[in-house]
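Novice: After the sequence you'll find the predicted model.
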Amino acid sequence: MNETIRLTAYRWMTLTRTFDETMVAMWKQGRGIGGTFSERGHEAVSVGAGLALGPDDVVAPMHRDLGTYLLRGMTPERIFGNLLGRQMGVSGGRDSNLHGLGDLDLNIIGFISHIPQAIPTALGAAMAFRYRDEPRVAMTFVGDGGSCSGAFHESLNMAALYNAPFVLIIENNQYAYSTPLSQEMKVADIAGRLPGYGLAATTVDGNDVEAVHAATTDAVERARAGGGPSVIEARTMRMLGHAIHDGAEYVPEALLAEWESRDPVRMFRTRLINSGVPETDLDALDQAAATEIAAAVRVAEAAPLPNPESVSEGVFA
Ligand SMILES: Cc1ncc(C[n+]2csc(CCOP(=O)(O)OP(=O)(O)O)c2C)c(N)n1
């Protein structure tokens, strides 16, 4: 990463963290109405991978990839508007969730709740780019739990066979809801299962934004140059429960403490300071994030709910 990208990455990571902390606090205060999923601990993955894409590439993020939505141009206002069921939200107030934040004008395919169906969908986009000979790449994300399901394996087989310009990030955050990795699969090395499909697979420290960015940039460049698909397993930790209602009492405290000491935002901040970035520059980015998120919440909370008479609009089945 050069100096500009490093500061850009920090800006998106701190904005994502501030959004997440604000969202969690609001829901605990009873100010939220929909389902919400914390991305705490995942910031280096969603930001590092998202920043590797070009403007014409397509991405299908998951529920914990808030950073990717933000850096692709989906404003905090529209996302809070969605969470609060407001008309100005991404879904026009239809769904008050971190699911389904799609906007094809931003080349974002909304999260498909049926895990892991975002994989074949994003692969479809990649195949379209291949058939049309467009220099574009499709990227999507899946969890460790989702990597055990059939569509994951079928899609990777097909992606390799047809040399699709496709990048899959596995967010190995140790738990699929309350199920630890050791009860999900016999091996601990998810990426290690994949070379058998005939594609590039690698593992990175998912708490290190520069490592995630370097691996995904290689993968995106290779895919764009006709070199075929890649899978990157990013090892990280889900620091809060599966969703806001889940206290995650099933996660050992020692495990959380171990990952807390490697918090991706703090780790990157320390590295930037050690490499000579003035602390005051980072404080200014933190302050700007706090101001932006507070303003977004004010706008979304004051915005109207959808007109009830519009309830059947956009319903196709
Ligand atoms: C087909 C399907 N089954 C169950 C669910 C309910 N569900 C939503 S997220 C989740 C856990 C997913 O774990 P993982 O794939 O590891 O992703 P993470 O949430 O940890 O990022 C489950 C069981 C679902 N969305 N889709």
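Specialist: Yep, it's here. Residues are numbered from 1 along each chain as shown.
Novice: which bits of the stretch 101-250 of the chain sit near the ligand?
Specialist: Proximity of the stretch 101-250 of the chain to the ligand, by C-beta under 6 Å from any ligand atom, involves residues 113-115, 143-146, 171, 173, 175-177, 238, 242. (Each C-beta comes from the backbone N, C-alpha and C, glycine too.)
Novice: could you redo the last one with a cut-off of 5 Å?
Specialist: 114-115, 143-146, 173, 176-177 (C-beta under 5 Å from any ligand atom).
Novice: can you name the two of these that are farthest apart?
Specialist: With C-beta to C-beta as the measure, no two of those lie farther apart than 114 and 173, at 19.2 Å.
Novice: Between these two, which has more neighbouring residues?
Specialist: residue 173 (23 against 10; other C-beta atoms under 10 Å).
Novice: The more buried one touches residue 237, doesn't it?
Specialist: Yes. Using C-beta atoms under 8 Å, residue 173 is in contact with residue 237, at 5.6 Å.
Novice: Common neighbours of the two, please.
Specialist: residue 41 (C-beta atoms under 8 Å, 6 or more residues apart in numbering).
Novice: Please tell me how far residue 299 sits from the ligand.
Specialist: 29 Å (C-beta to the nearest ligand atom, to the nearest Å).
Novice: That residue is in contact with residue 76, isn't it?
Specialist: No. Look at residue 299 against residue 76 with C-beta under 8 Å: they stay out of range, at 9.1 Å.
Novice: Bridged to the residue in the stretch 151-300 of the chain that the ligand sits nearest to, which residues?
Specialist: Closest contact between the stretch 151-300 of the chain and the ligand, by C-beta to the nearest ligand atom, is at residue 176 (3.3 Å). For residue 176, the beta-bridge partners are residue 179 (DSSP bridges).
Novice: just residue 166 next, same as before
Specialist: residue 138.
Novice: neighbours around it, how many?
Specialist: What residue 166 shows, counting by other C-beta under 10 Å, is a neighbour count of 31.
Novice: Do I have it right that it meets residue 227?
Specialist: No. Between residue 166 and residue 227 there is no contact under C-beta under 8 Å: 11.1 Å.
Novice: Skip ahead from the helix or strand harbouring residue 4 and say which helix or strand is next.
Specialist: Under the criterion DSSP states H and E, the helix or strand holding residue 4 is helix 3-28. Per DSSP H and E, helix 3-28 leads on to helix 43-50 as the next helix or strand towards the C-terminus.
Novice: Could you figure out how far that next one is turned away from helix 3-28?
Specialist: Orientation check (axes from the mean of the first three to the mean of the last three C-alpha atoms, to 10 degrees): helix 43-50 against helix 3-28 gives 130 degrees.
Novice: Name the residues of helix 43-50 that come out as buried.
Specialist: Within helix 43-50, the residues that count as buried by 16 or more other C-beta atoms under 10 Å are 43-50.
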